[in-house]
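A.B. asks: sharing a sequence plus its predicted fold:
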Amino acid sequence: MCTLEKRGNIYLLTLTGSGEHRFNPSLLSSLRAALSSLLCSSHAPNSALITCAEGKFFSNGFDQSWVRSAPPSQHRIISDLLRGLISDYLSLPMPTVCAVTDHAAAAGCALVLAHDYVVMREDRGFFYMSELDVGLKFVKYFEVFFNEKIPDNQTRRDVLLRSARVTAREAMARGIVDRAAQGIEGTIEEALRLAEEVAATVSDGSKLAEKRKLMFSETWRHVSAAGGSKL
Amino acid sequence: MCTLEKRGRVLILTLTGSGEHRLGPGLISSLRSALATARSDPTVAALVTAGEGRFFSNGLDLAWAKNSSEGISTLVRLVKPLIADLISLPMPTVAAVTGHAAAAGMMLAVAHDYVYMRGDRGVLYMSELDIGLPFPDYFMDLMQAKITDPRTLRDVTLRAKKITGTEAKERGIVDKVCQSASETVAEAIKMAEELAGRNWDKGVYASIRLSVYPKLCKSLEIPQESDEAVRKHFASRL
């Protein structure tokens, strides 16, 4: 589902396999487990985390087939796990960079924006909040998160209220993405460069995490409450 | 006061006549009626609002307020649900700003999801500072929701700057600038048709708009669904 490796002082969290990396309890729990090892342990200063994916998708959002097969009382498990995952990223005591190696849709976009920095592939892939197109509404924490992460009116309107398929170049122009690169490898390499640059400036990760939670205080208030469910 | 015309799935609401289309009780009521029609017609999937003549709307009917015992505060009170109607309308809305839009008239324009404006003449203008009137709270909430560049918001509210369509496009208030009133209307209708063609669920559209503007919807007293209701809706769609 995912692997966590270390390259020098940079941690690389990879969504593995050639599928859509859709969020079901297994994948979300694996991601949370990987991050918990970084949340709990003390590690060298000047570290950073990159999240990337193998294959033709970064992540296509929630696993609808899992949801259809689960009893209604269980549906909120994946929403709560995603909420917990966002709280993990907000709490991470090191800078975080998302390498959007291909399509990111719906909840997959939330994973992208949970990072401090975003490098996105420009030769393929869209950033696409598909909820309006597929007919899904937002729960509160999700709404608060997107309002804090995309404060520009026209951008937030186009992303959420027009279900726009945004390319890396457009995303950069609109302030959602920091850098663009070619190909999966190129995107990861650029993410590594950016991660090294930022890691060099952050020696006290716990202070960084405090400031990040303060910067996104409304989101933190909504995702930290009840702690989400850990499976 | 205003007319409604249906073109395919787009409803075109026009503020009629060569006057200033000032918002007094009569026009406010007509507009709310028109929006109720849009809301209740299942064949309508998008709204365009346009004006005839030199003005889109020059704001509250201050002359009415002067001659009435109730005054400006009544008009302020009456415009609030009109703005709420637009923010809660379950379909995409496009303003075709065909002339000057000032004060409450500018609020009417920016309360739409998309704002198209002519660039050859006409300005957006929050005149309140110049004429010594306060902003109602919900005006500021609407401006903070729709004008998210801080210097633009400052220039609009604290400098009473008159902003042309071209400048408004550069500064993120307007989505598209056109060469004339008729082109503005035509392009707005085209956009509305494109948006209608996406075949979005109306209830979902309305819900997501509130999620895009949660502070504004609280200010306008538009209720938002609970997470429980959202989850029930999700389950019902599987």
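C.D. replies: Yes, it's here.
A.B. asks: list the contacts for the residue nearest the centre of chain A?
C.D. replies: Compute the mean C-alpha point of chain A, and by C-alpha atoms, centre = their mean the closest residue is A:Leu111, 2.0 Å away. A:Leu111 makes contacts with A:Thr51, A:Phe58, A:Ser59, A:Leu82, A:Leu85, A:Cys98, A:Ala104, as judged by C-beta atoms under 8 Å, 6 or more residues apart in numbering or on different chains. All C-beta atoms are positioned from the backbone trio N, CA, C, and that covers glycine.
A.B. asks: close to chain A: what parts of chain B are there?
C.D. replies: Residues of chain B lying near chain A by C-beta under 8 Å from any C-beta of the partner chain: B:92, B:113, B:145-149, B:172, B:175, B:195, B:198, B:200-201, B:204-205, B:207-209, B:211-212, B:214, B:225, B:227, B:230-231, B:233-235, B:237-238.
A.B. asks: restricted to buried residues, select these in PyMOL.
C.D. replies: Selecting only the buried entries of the residues of chain B next to chain A in PyMOL, with 16 or more other C-beta atoms under 10 Å in any protein chain shown as the criterion:
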select buried, chain B and resi 92+113+145+146+147+148+149+172+175+195+200+201+204+205+207+208+209+211+212+214+225+227+230+231+233+234
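A.B. asks: tell me which residue lies farthest from the centre of the chain.
C.D. replies: Using chain A here. Farthest-from-centroid check, chain A (C-alpha atoms, centre = their mean): A:Pro71, 27.0 Å.
A.B. asks: residues in contact with it?
C.D. replies: No contacts exist for A:Pro71 under C-beta under 8 Å, 6+ apart.
A.B. asks: need the pLDDT of it.
C.D. replies: In the prediction, the pLDDT value recorded for A:Pro71 is 89.
A.B. asks: what does it show for phi and psi?
C.D. replies: Dihedral pair for A:Pro71: phi -70, psi 150, per degrees, to the nearest 10.
A.B. asks: which of the residues in stretch B:184-192 are buried?
C.D. replies: Buried residues in stretch B:184-192 (16+ other C-beta under 10 Å): B:Thr184, B:Val185, B:Glu187, B:Ala188, B:Ile189, B:Met191, B:Ala192.
A.B. asks: ok, the residues you listed vs chain A, which is closest?
C.D. replies: Using C-beta to the nearest C-beta, B:Met191 comes nearest to chain A of the buried residues of stretch B:184-192, at 10.4 Å.
A.B. asks: how close does that closest one sit to B:Ala96?
C.D. replies: 9 Å (C-beta to C-beta, to the nearest Å).
A.B. asks: swap in A:Ala53?
C.D. replies: 43 Å.
A.B. asks: next: B:Asp227.
C.D. replies: Note on B:Asp227: its distance to B:Ala96, by C-beta to C-beta, is 37 Å.
A.B. asks: what's the overlap in contacts for B:Met191 and B:Ala96?
C.D. replies: In contact with both B:Met191 and B:Ala96: B:Tyr116, using C-beta under 8 Å, 6+ apart.
A.B. asks: tell me the spacing between the residue sitting nearest the centre point of chain B and A:Leu90.
C.D. replies: With distances taken as C-alpha atoms, centre = their mean, B:Ala111 lies nearest the centre of chain B, 3.1 Å away. Going from B:Ala111 to A:Leu90 by C-beta to C-beta gives 33 Å.
A.B. asks: kindly report the same for A:Ala99.
C.D. replies: 19 Å.
A.B. asks: between those two, which one's more packed in?
C.D. replies: The neighbour comparison of A:Ala99 against A:Leu90 (other C-beta atoms under 10 Å in any protein chain shown) goes to A:Ala99, with 31 against 20.
A.B. asks: tell me what the more buried one is bridged to.
C.D. replies: A:Val119 (DSSP bridges).
A.B. asks: hmm, it is touching A:Ala48, no?
C.D. replies: No: in this structure, A:Ala99 is not within contact of A:Ala48 by C-beta atoms under 8 Å, at 11.7 Å.
A.B. asks: just to revisit the earlier point, my read: the residue nearest to the centre of chain B touches B:Lys80, true?
C.D. replies: No: here B:Ala111 lies out of contact with B:Lys80, judged by C-beta under 8 Å, at a distance of 11.0 Å.
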